[in-house]
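Colleague: generate a structure from the sequence data that follows.
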Amino acid sequence: MASTETTPVQDSGSVEAGLDALETSATGRPTLRQTFVNKIFPPIVAIAVVLVIWAVLYPVVDDPTKLPSPGAVGSAFQDAWLKGDLLGYIWTSVSRGLLGFFFALVIGTPLGLLVARVKFVRAAIGPILSGLQSLPSVAWVPPAVIWLGLNNSMMYAVILLGAVPSIANGLVSGVDQVPPLFLRAGRTMGATGIKGIWHVTLPAALPGYVAGLKQGWAFSWRSLMAAEIIANFPDLGVGLGQLLENARTASDMAMVFEAILLILFVGIAIDLLIFSPLERWVLRSRGLLVKS
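Modeller: All right, here's what the predicted structure looks like:
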């Protein structure tokens, strides 16, 4: 009589096959309908709700100097586009913001590693970095103007002072969360010094580092807008912050809303195009996010 018992090896194989099947089905390419429902439709609904609320509030307020109509703001966008100024406003601020963020990245990364790995340095400047991170960015504009004058160097200095502490603290947090076993394994395989930092510490600290980068960009953008609003000088060009200040001076609420929407749009676009994909890649590489 044939035996019907299942061996442990067969059970293990069937379990693995089942898990592989689940993983395969989970990582399948989403359909166009799923992409639309999950990623495109929700923002459309949110924008529609905002526009409806705006259209309802406008006649209630009944004062264009306090709340412009959606049509008036649309006309402000159209006028800036037809004059060829719209892309210039965006490029002036975005180019400054990205270049300043790059400088902050170059400075903040080694600073964060130094603070994370050297106890004396952490004790000396760790609290200062935390304090600088909580300091409002606008506080740096007056001293930067006095030290450097009304020029692009002042803008970059404000960005650095706003972003470097966030990047450094994010990296420190990431390094602190690296399991000691990883470091011991790296040393065992010869990954010491710079090689250990590059091949073990930084990859293991990526989640905290990416979070610090994302926060650093937010501080960079806010710092730049504060500098452009306060520091008014023709040679600096007209960025989004300067556009907002010009609109306030002219009491043009349609232009004020135009500037606010552009600042919001750029911040969201940079996050969606750069930091969200980077964050998803880090999570997916650690098996924390199913590829879709």
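Colleague: quick one, helices of the stretch 1-150 of the chain?
Modeller: 8-26, 32-35, 41-61, 70-82, 86-117, 119-134, 141-148 (DSSP state H, counting those that start in this stretch).
Colleague: residue 234: how many residues sit nearby?
Modeller: Counted with other Cβ atoms under 10 Å, the neighbours of residue 234 add up to 8. Just so you know, the C-beta spots here come from the backbone N, C-alpha and C atoms, and that holds for glycine as well.
Colleague: low pLDDT regions in the stretch 101-250 of the chain?
Modeller: The model of the stretch 101-250 of the chain has pLDDT under 70 over residues 191-193.
Colleague: if we use 90, what do you get?
Modeller: Applying pLDDT under 90 to the stretch 101-250 of the chain flags the ranges 113, 116-119, 121-122, 126-127, 129-142, 145, 148-153, 162, 173-212, 230-238.
Colleague: quick check: nearest residue in space to the residue nearest the centre of the chain, chain neighbours excluded?
Modeller: Most central in the chain under Cα atoms, centre = their mean is residue 214, positioned 3.4 Å from the mean C-alpha point. Nearest non-adjacent residue to residue 214, counting by Cβ to Cβ, 6 or more residues apart in numbering: residue 275, 4.7 Å away.
Colleague: for the one you found, list the residues it contacts.
Modeller: 210, 213, 214, 217 (Cβ atoms under 8 Å, 6 or more residues apart in numbering).
Colleague: quick one: it from residue 166, how far?
Modeller: 13 Å (Cβ to Cβ, to the nearest Å).
Colleague: same thing with residue 179?
Modeller: Applying Cβ to Cβ to residue 179 and residue 166 gives a distance of 24 Å.
Colleague: so for those two, which sits in the more crowded spot?
Modeller: Neighbour count, other Cβ under 10 Å: between residue 179 and residue 166, residue 166 has more, with 25 against 9.
Colleague: okay, and the more buried one sits in which element?
Modeller: For residue 166, the element it lies in under DSSP states H and E is helix 152-176.
Colleague: which residues sit against stretch 80-93?
Modeller: 77, 224-225, 228, 237-241, 243, 258-259, 262-263, 266.
Colleague: try stretch 43-57
Modeller: Residues contacting stretch 43-57 (Cβ under 8 Å, 6+ apart): 67, 69, 70.
Colleague: list only those of those flagged as buried.
Modeller: Among the contacts of stretch 43-57, the ones that count as buried by 16 or more other Cβ atoms under 10 Å are 67, 69.
Colleague: make a markdown table from the contacts of residue 275 and add secondary structure and distance to residue 120 to it.
Modeller: Shown next, in a markdown table, are these (DSSP: H, G, I helix; E, B strand; the rest coil; distance: Cβ to Cβ, whole Å):
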| residue | secondary structure | distance to residue 120 |
| --- | --- | --- |
| 210 | helix | 28 |
| 213 | helix | 26 |
| 214 | helix | 29 |
| 217 | helix | 30 |
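Colleague: can you list those in JSON lines and add distance to residue 97?
Modeller: Output for these, formatted as JSON lines (distance: Cβ to Cβ, whole Å):
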{"residue": "210", "distance to residue 97": "18"}
{"residue": "213", "distance to residue 97": "14"}
{"residue": "214", "distance to residue 97": "14"}
{"residue": "217", "distance to residue 97": "8"}
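Colleague: which one of the residues you listed is nearest to residue 156?
Modeller: Nearest to residue 156 out of these is residue 217 (Cβ to Cβ; 14.7 Å).
Colleague: correct me, but the closest one touches residue 268?
Modeller: No: using Cβ atoms under 8 Å, residue 217 is not in contact with residue 268, being 11.7 Å away.
Colleague: out of those two, which sits in the more crowded spot?
Modeller: Shown here are residue 217 and residue 268; by other Cβ under 10 Å, residue 217 has more neighbours (23 against 12).
Colleague: now that one: how far from residue 278?
Modeller: Relative to residue 278, and taking Cβ to Cβ, residue 217 is found at 11 Å.
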